[in-house]
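Engineer: Sharing a model prediction with you, sequence too.
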Amino acid sequence: MEKPLFLELGGGSGALAYDILSYCRQREPELFERLSYYIYDFSPALVSLQRNRLKDFEGKVFWCEELFPMEGVIFSNEFFDCLPVHVVREGKELYVKDRSEEWAEISEPRIWHVLRRLGYEDLKQVVEVCLDCIDFLKKVSENLLKGYHLVIDYGYTSKELHRFPEGTVVAYRGHKVYSKALELSEPADITAHVNFSLLEEYGRDFGLEKVFLMSLRDFLLSSPAFMEELEKLSFSEKPEDIERLSRLKTMLISMGDRFKVLLQRTLSSSS
Ligand SMILES: C[S@@+](CC[C@H](N)C(=O)[O-])C[C@H]1O[C@@H](n2cnc3c(N)ncnc32)[C@H](O)[C@@H]1O
């Protein structure tokens, strides 16, 4: 692509954007010249943090309030897990009323559609249905005229769903994890694991073809740049390199299979 666009969904503190742009500037200067980096984020506080963090890249990085037609790569790291989910169990949906839980009728016919589509109808466990993930994926497919969609997040596939009989919703506040958002009286960061089978199935409907789905560990181990970095660090005797190598190794081990990477492409990008 002559002028590829990178669009990050949910920029957080701007850390990933900073790392990608620094890497490209240093290691892929010719690509760096041609690319533009966009961030889509709905939090004014985080956008201002990102602007500050990315001062070095003025004129290279931009912010958008909506997705727009583009060619390039739309990607995210820990974005889809922030989207709200419907919590369902054996034909009933979980509601929170007067600070207590209530299982009642399923709120939207679309939820039944997803349960049938993914073969979850008869499961005797909690299932989380993220309709917003489907809507967002549709938006991605409508705006990505040509290129790739990359999702990095913690999540599961349909085959792994049985590992989470009580579901995966948790709330973080400070350094504490609450398995019941109900226990909270103050705002917190609520997240649910991403259903990668849902992204894969619905992506196909919207014209996004799967290139691969793998654990983040396998993804990193198959990246020449990552392996080169590991090798470089393992020959270094500098204390900071030794520490970094040990952190990378711990990360690779601790990540297990929960962190996944899904790459999809528009049908036009394969021609
Ligand atoms: C965990 S952070 C992302 C971290 C970042 N990608 C990184 O690796 O450095 C999640 C981001 O998604 C944004 N976000 C969550 N839900 C969103 C939504 N519905 N629309 C736009 N942005 C959203 C949040 O404001 C936050 O900046």
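Structural biologist: Received the coordinates, thanks. Predicted, not measured: the structure shown is a model, and the values here were computed from it.
Engineer: Could you list the buried residues of the host helix or strand of residue 198?
Structural biologist: Taking DSSP states H and E as the criterion, residue 198 maps to helix 196-205. Using 16 or more other Cβ atoms under 10 Å as the test for burial, helix 196-205 gives 196, 197, 198, 199, 200, 201, 202, 203. To be clear about C-beta, it is placed using only N, CA and C from the backbone, and glycine gets the same treatment.
Engineer: from the residues you listed, which is closest to residue 85?
Structural biologist: Closest approach to residue 85 among the buried residues of helix 196-205 (Cβ to Cβ): residue 198, at 10.5 Å.
Engineer: quick one on the thing from earlier: I'd like the buried residues of helix 196-205 as TSV, with pLDDT and distance to residue 38 appended.
Structural biologist: Putting the buried residues of helix 196-205 into TSV (pLDDT from 0 to 100; distance: Cβ to Cβ, whole Å) gives the following:
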residue	pLDDT	distance to residue 38
196	98	24
197	98	28
198	98	25
199	98	21
200	98	25
201	97	27
202	98	24
203	98	21
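Engineer: that older thread, after the helix holding residue 198, which helix or strand is next? Please name it.
Structural biologist: Next along the chain after helix 196-205, taking DSSP H and E as the criterion, comes strand 208-215.
Engineer: Distance from the chain centre to that following strand, please.
Structural biologist: 13 Å (Cα atoms, centre = their mean, to the nearest Å).
Engineer: Tell me which strands it pairs with, and in which orientation.
Structural biologist: Strand 208-215 has the following strand partners under DSSP bridges: strand 259-266 (antiparallel).
Engineer: Identify the residues contacting the partner strand?
Structural biologist: The contact list for strand 259-266 (Cβ atoms under 8 Å, 6 or more residues apart in numbering) reads 141, 144-155, 194, 196, 199-200, 203, 207-217, 219.
Engineer: switch the cut-off to 7 Å
Structural biologist: 144, 146-155, 196, 199-200, 203, 207-216, 219 (Cβ atoms under 7 Å, 6 or more residues apart in numbering).
Engineer: got it, and stretch 194-206?
Structural biologist: Applying Cβ under 7 Å, 6+ apart, the external contacts of stretch 194-206 come out as 80-81, 114, 117-118, 130, 133-134, 137-138, 141, 151, 153-158, 210, 213, 260, 262, 264.
Engineer: Let me see the ranges of the strands in the stretch 151-271 of the chain.
Structural biologist: With DSSP state E, counting those that start in this stretch as the criterion, the stretch 151-271 of the chain has strands at 170-173, 176-178, 189-191, 194-195, 208-215, 259-266.
Engineer: ranges for the strands of the stretch 1-150 of the chain?
Structural biologist: Per DSSP E, counting those that start in this stretch, the stretch 1-150 of the chain has strands spanning 5-9, 36-40, 61-64, 70-77, 86-89, 92-97, 100-105, 126-129, 144-156. These are given in chain order.
Engineer: Quick check: neighbours of the second one in the sheet, parallel or antiparallel?
Structural biologist: Yep, that's strand 36-40 we're talking about. When DSSP bridges is applied, strand 36-40 pairs with strand 5-9 (parallel), strand 61-64 (parallel).
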